[in-house]
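*Asks:* All I have is the shape, not the residue letters:
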């Protein structure tokens with residue numbers, strides 16, 4: 001049974017409240033980043049309103065405040081992840097799947113920050129073009145992929161990479177599905193895949209910099225990127241699609257850092273844990289000033305409306321509709337409330353009394369949102385007050 005959500009001793013919201021004003025003064029985040037930070041501060045507080053429940057057996061009273069539902073909030077991703085995994089399992093092809101990861105070298109980080117929306121979109125495009133080309137050239141088939149963008153490293157540094165779920169299956173030129181890969185152990189040569197990915201991405205970046213008249217400015221970074229090793233990692237098949245989807249589900253709704261990793265927040269800054277993959281996966285501590293912590297966190301706030309989970313080839317909705325005749329959106333499903341679905345998928349019953357475990361929590365009062373100024377407004381007011 002899934003564990004009930006428990007508030008961590010320290011949260012990102014605590015860091016924002018304590019160091020937000022100084023961070024804004026020093027780094028001038030854009031309006032969308034400010035809105036995200038504001039949402040995280042208000043999440044599951046009286047500011048968003050909520051519901052008052054009472055147990056029908058023991059009379060225990062509990063207040064549940066509304067969540068912000070922002071995709072960058074570490075407190076709002078658990079149920080989304082469970083629902084995503086279930087939907088993917090229902091639609092997955094019955095074939096072995098590979099976990100493939102594409103990573104760009106650190107030398108390109110500065111260029112990526114110039115226009116991260118373009119950079120991440122091009123990253124997706126180059127990844128899929130590589131996989132698609134290799135599928136046709138080696139197996140004469142259109143393969144597919146479910147791709148998930150991550151932008152962070154364990155220490156909150158910028159580390160863009162894409163996790164891909166690739167089926168050992170393709171749609172042949174003769175118009176039928178066929179297995180691809182070799183015995184579930186080999187899909188594509190990662191060395192050749194890395195070279196192809198490097199060539200496509202670097203060509204796109206140079207073209208973009210020429211358009212912006214910045215090619216000479218970033219020539220040193222381009223040279224470092226060419227000299228660096230471009231790593232494409234491929235993990236052997238997990239067997240059943242359900243197994244690999246559950247594995248990839250660990251990555252789909254992650255945010256830059258979970259609240260559980262934040263160990264201390266005080267006047268000196270923030271201390272959090274990280275796993276050092278270069279040193280035998282040892283757990284180490286990282287200490288940053290509050291302003292630096294928020295600066296790094298904001299690097300991973302994706303542009304508004306940017307899609308970070310994408311489906312390609314035989315996993316695209318267009319292929320399923322036009323080629324396979326599967327019209328998912330037209331299916332009529334039995335009506336199921338969000339709490340009912342969460343219980344079915346995770347085993348956690350949100351209406352079970354946390355005190356007596358026998359009664360049902362019944363809503364007795366609706367709590368409205370608080371109309372006082374939000375966090376952003378208060379920060380702006382404080383800024384002008386001290387001028």
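*Replies:* Structure received. The shown structure was predicted, so the numbers you read here are calculated from the model rather than taken from an experiment.

*Asks:* what's in contact with stretch 187-194?
*Replies:* Here stretch 187-194 makes contact (C-beta atoms under 8 Å, 6 or more residues apart in numbering) with 98, 100, 130-131, 134, 138, 166, 168, 180-181, 229-234. The way it works is simple: take the backbone N, C-alpha and C, and place the C-beta from them, glycine included.

*Asks:* Among those, the buried ones, what's the ChimeraX command?
*Replies:* To isolate in ChimeraX the members of the contacts of stretch 187-194 that are buried, counting by 16 or more other C-beta atoms under 10 Å, one can use:
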select :98,100,130,131,134,138,166,168,180,181,230,232,234
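
*Asks:* quick one: least confident of the contacts of stretch 187-194?
*Replies:* Among the contacts of stretch 187-194, residue 181 has the lowest pLDDT, at 85.

*Asks:* pretty sure it contacts residue 97?
*Replies:* No. Residue 181 lies out of contact with residue 97 (C-beta atoms under 8 Å); the separation is 9.9 Å.

*Asks:* Residues that sit against both of those two, list them.
*Replies:* By C-beta under 8 Å, 6+ apart, residue 181 and residue 97 have these common neighbours: 168, 237.

*Asks:* follow-up on the earlier one: ok, so of the contacts of stretch 187-194, who is nearest residue 200?
*Replies:* Closest to residue 200 out of the contacts of stretch 187-194 is residue 130 (6.5 Å), distances taken as C-beta to C-beta.

*Asks:* In a strand, the closest one, correct?
*Replies:* No. Counting by DSSP: H, G, I helix; E, B strand; the rest coil, residue 130 is not found in a strand; it is helix.

*Asks:* Could you pick out which of the contacts of stretch 187-194 are located in strands?
*Replies:* Those of these mapping onto strands are 98, 100, 166, 232-234, per DSSP state E.

*Asks:* Which residues are in contact with the closest residue to residue 152 other than its chain neighbours?
*Replies:* Nearest non-adjacent residue to residue 152, counting by C-beta to C-beta, 6 or more residues apart in numbering: residue 256, 4.5 Å away. Contact analysis of residue 256 by C-beta under 8 Å, 6+ apart lists 72, 151-152, 156, 296-297, 300.

*Asks:* run the last query once more with 10 Å
*Replies:* Contact analysis of residue 256 by C-beta atoms under 10 Å, 6 or more residues apart in numbering lists 12, 72, 74, 150-153, 156, 296-301.

*Asks:* what do you get for residue 299?
*Replies:* Listed by C-beta under 10 Å, 6+ apart, the contact set of residue 299 reads 33, 109, 112-113, 116, 151-152, 156-158, 256.

*Asks:* Show me the domain layout of this structure.
*Replies:* 12-72+351-385, 78-254 (automatic domain parsing).

*Asks:* most packed of the ones you listed?
*Replies:* Of all the domains of the chain, domain 78-254 carries the top mean neighbour count, a mean of 17, counting by mean count of other C-beta atoms under 10 Å.

*Asks:* Residue 54: what secondary structure?
*Replies:* Classification of residue 54 by three-state DSSP places it in strand.

*Asks:* Go ahead and confirm it touches residue 356.
*Replies:* No. Using C-beta atoms under 10 Å, residue 54 is not in contact with residue 356; the gap is 12.0 Å.

*Asks:* what residues do these two have in common as contacts?
*Replies:* The contact sets of residue 54 and residue 356 overlap at residue 60 (C-beta under 10 Å, 6+ apart).

*Asks:* you'd agree residue 246 is in a helix?
*Replies:* Yes. According to three-state DSSP, residue 246 belongs to a helix.

*Asks:* Apart from its neighbours in sequence, what residue is nearest it?
*Replies:* Leaving aside its chain neighbours, residue 246 sits nearest to residue 85 (5.9 Å; criterion: C-beta to C-beta, 6+ apart).

*Asks:* contacting residues around the one you found?
*Replies:* Going by C-beta under 10 Å, 6+ apart, residue 85 touches 242, 245-250, 252-253, 345.

*Asks:* can you redo the residues you listed as CSV with pLDDT?
*Replies:* Output for those, formatted as CSV (pLDDT from 0 to 100):
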residue, pLDDT
242, 74
245, 75
246, 75
247, 74
248, 72
249, 75
250, 74
252, 78
253, 78
345, 68
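
*Asks:* Show me which pair in the residues you listed is furthest apart.
*Replies:* Farthest pair in the contacts of residue 85, by C-beta to C-beta: 242 and 253, 18.0 Å.

*Asks:* Among the contacts of stretch 187-194, pick out the one closest to residue 283, please.
*Replies:* Checking these against residue 283 with C-beta to C-beta, the nearest one is residue 233 at 21.8 Å.

*Asks:* wait, that closest one sits on residue 197?
*Replies:* No. With contacts counted by C-beta under 10 Å, residue 233 stays clear of residue 197, the gap being 11.7 Å.
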